[in-house]
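**Q** Show me how the following folds:
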Amino acid sequence: MTWEPGRLDDQRYLTEGDPSGMLLAVAASAAHVRTGYRTAVEAHVDRLASQGRPRAIVVAGMGGSGIAGDILTAVVGNGAPLPIVPLRSYQLPGWIGATDLVIAVSGSGETEETVSVATQAVRRGCTLLGVGAPGSQLEAIATQASAIYVPVPVSGQSRANIWLLTIPLIVAGAALRLLPADADLFERVAKSLEDMAHRCRPASESFINPGKSLAMDLAESVPMIWGSSPVAAVAAYRLACQLNTNAKYPAIYGELPEADHNQVATFEGPLAERDIFADSAGPAIRLVVLRDVEEHPQVTRRREASLRLARERDVAVTELTAEGVHPLERMATLIGLGDYASTYLALGYAIDPTPVSAITELKARITQ
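**A** A predicted model of the protein is given here:
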């Protein structure tokens, strides 16, 4: 597989090379925000408030569904009056009990890890909120337990439905008074994603298209993606995962200040060297920093010093800055851009971004 940037401006190729429509799915993000909000309201997620505030919240989910818990945690922020614990596991922690809320998120509603956790939550008497496909095993568990279930109209891969799966959690958080969020906020998020879709549309040429430009930065490198705040760190993790699943491409995720205590050392390693005169130069690291307006002052100093250190050692650098006021808006701009970039990177390598055959094969082997 070779990287050919000219593919990104070939409209016919972009259509033929994306037969399952990942670009269209990313472009539907704004509609997914509006639908996720409407579906959560229709499911009466606000009923959670009638039971009082839980002692803790566990958000169970895997893969493209699991990041919903990370988004909720980051958007609520350090002011949360209770612990919010994203969980990617088969097993509910032993300390979770009847005074806690378990949110189970699964695009298919059939994810075995999430179904296992939801079943355990019901047995322990926890409050359960389910989010996933209608008519699924997860919905059956919620219905049998008289729990709230949000049946979102997921289609295709869960990772392409991130906002359908996430927005109900934000609505739940608002009902529990963990964060301010109303219809106006969700409309602003939707409009910011619409703007991103316009800027990153396939017909927009590479030199003005931020999604294509980022894909060109990432190509033929090993991306090391850092977030400078909890909000930016979730977007960095999402970008790394999207590069893995859409482009089948390796990526390293980090968060400041922690990345300065380990990953920064790679600036002096073998993958930091770029020999422009070599006949067959191997891939070198590229530092991708996702910035946020709500950085800790010391993190700002660390980010600036890290960037200087990288440039002094000729490590390629890309900086991206979140846009918007509310944390959910800022995260949406970074995630939206990353979703487009990972899809364009796949297409530049002539890879269909939708199938994940290795994951499918692994699941089949486990069930045999």
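**Q** Contacts only, for the residue lying closest to residue 35 once chain neighbours are set aside.
**A** Spatial nearest neighbour of residue 35, excluding adjacent residues (Cβ to Cβ, 6 or more residues apart in numbering): residue 164 at 6.2 Å. In short, each C-beta sits where N, CA and C put it, glycine included. Listed by Cβ atoms under 8 Å, 6 or more residues apart in numbering, the contact partners of residue 164 are 32, 35-36, 39, 107, 152-154.
**Q** Which of the residues you listed has the largest number of neighbours?
**A** For those, neighbours were counted using other Cβ atoms under 10 Å, and residue 107 has the most, 30 neighbours in all.
**Q** Do I have it right that it meets residue 133?
**A** Yes. Counting by Cβ atoms under 8 Å, residue 133 is a contact partner of residue 107 at 6.6 Å.
**Q** got any residues that touch both of the two?
**A** In terms of Cβ under 8 Å, 6+ apart, residue 107 and residue 133 are both contacted by the residues residue 154.
**Q** ranges for the helices of the stretch 101-250 of the chain?
**A** Assigned by DSSP state H, counting those that start in this stretch, the helices in the stretch 101-250 of the chain fall at 112-123, 137-144, 162-175, 183-199, 210-218, 230-245.
**Q** quick one: average pLDDT of the last one?
**A** What helix 230-245 shows for mean pLDDT is 98.
**Q** what angle separates it from helix 210-218?
**A** Helix 230-245 runs at 70 degrees relative to helix 210-218, counting by axes from the mean of the first three to the mean of the last three Cα atoms, to 10 degrees.
**Q** ditto for the fourth one
**A** Taking the same axes, to 10 degrees, one finds that helix 183-199 is oriented at 60 degrees with respect to helix 210-218.
**Q** Any stretches of the stretch 251-368 of the chain with poor pLDDT?
**A** Residues of the stretch 251-368 of the chain that meet the criterion pLDDT under 70 lie in 274-281.
**Q** Name the residue closest to the centre of the protein, please.
**A** With distances taken as Cα atoms, centre = their mean, residue 238 lies nearest the centre of the chain, 3.5 Å away.
**Q** Let me see the contact set for that one.
**A** By Cβ under 8 Å, 6+ apart, the residues touching residue 238 are 67, 162, 335, 338-339.
**Q** I'd like those residues as JSON lines, with neighbour count appended.
**A** Below are these laid out as JSON lines (neighbours: other Cβ atoms under 10 Å):
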{"residue": "67", "neighbour count": "27"}
{"residue": "162", "neighbour count": "27"}
{"residue": "335", "neighbour count": "27"}
{"residue": "338", "neighbour count": "28"}
{"residue": "339", "neighbour count": "29"}
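**Q** does residue 99 count as helix, strand or coil?
**A** Using DSSP: H, G, I helix; E, B strand; the rest coil, the structure places residue 99 in coil.
**Q** quick one on the thing from earlier: save the helices of the stretch 101-250 of the chain as JSON lines, and put in distance to residue 294 too.
**A** Formatted as JSON lines, the helices of the stretch 101-250 of the chain follow (distance: least, Cβ to Cβ, whole Å):
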{"stretch": "helix 112-123", "distance to residue 294": "31"}
{"stretch": "helix 137-144", "distance to residue 294": "34"}
{"stretch": "helix 162-175", "distance to residue 294": "17"}
{"stretch": "helix 183-199", "distance to residue 294": "16"}
{"stretch": "helix 210-218", "distance to residue 294": "22"}
{"stretch": "helix 230-245", "distance to residue 294": "7"}
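**Q** Ok, which of the ones you listed comes nearest residue 99?
**A** Of all the helices of the stretch 101-250 of the chain, it is helix 112-123 that lies closest to residue 99, at 12.2 Å by Cβ to Cβ.
**Q** Mean neighbour count, the helices of the stretch 101-250 of the chain: which tops it?
**A** For the helices of the stretch 101-250 of the chain, the largest average neighbour count (mean count of other Cβ atoms under 10 Å) is found in helix 162-175, namely a mean of 26.
**Q** Please name the residues that touch residue 143.
**A** Residue 143 is in contact with residue 149, counting by Cβ under 8 Å, 6+ apart.
**Q** Make 13 the first number, not 1, from now on.
**A** With the count now opening at 13, the last piece we talked about shows up as residue 155.
**Q** tell me the pLDDT at it?
**A** Here the pLDDT value assigned to residue 155 is 97.
**Q** What's the local residue count around residue 157?
**A** Residues lying near residue 157 (other Cβ under 10 Å) number 19.
**Q** For burial, what's the neighbour tally of residue 172?
**A** Using other Cβ under 10 Å, residue 172 has 28 other residues around it.
**Q** any idea how far residue 296 lies from residue 361?
**A** Counting by Cβ to Cβ, to the nearest Å, the gap from residue 296 to residue 361 is 17 Å.
**Q** Ok, residue 49 next?
**A** Relative to residue 361, residue 49 is positioned 36 Å away (Cβ to Cβ).
**Q** Looking at these two, which is more packed in?
**A** Taking neighbours as other Cβ under 10 Å, residue 49 and residue 361 compare with residue 49 leading, 25 against 20.
**Q** any idea how far the more buried one lies from residue 213?
**A** Separation of residue 49 from residue 213 (Cβ to Cβ) stands at 24 Å.
**Q** Kindly export stretch 265-281 (C-alpha atoms) in CSV.
**A** What follows is stretch 265-281, C-alpha atoms only, in CSV (Å, rounded to 0.1, in the frame of the first residue of the first chain):
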residue,chain,number,x,y,z
TYR,A,265,-1.7,8.6,22.3
GLY,A,266,-0.6,10.7,25.2
GLU,A,267,-1.7,13.5,27.6
LEU,A,268,0.2,16.3,29.1
PRO,A,269,1.8,16.5,31.6
GLU,A,270,2.2,12.7,31.7
ALA,A,271,3.7,12.5,28.2
ASP,A,272,6.5,14.7,29.2
HIS,A,273,7.6,12.0,31.7
ASN,A,274,8.0,9.3,29.1
GLN,A,275,7.1,9.9,25.4
VAL,A,276,9.2,13.1,25.1
ALA,A,277,12.2,10.9,25.3
THR,A,278,11.5,9.5,21.8
PHE,A,279,12.6,12.9,20.4
GLU,A,280,16.1,11.5,20.7
GLY,A,281,15.4,8.0,19.4
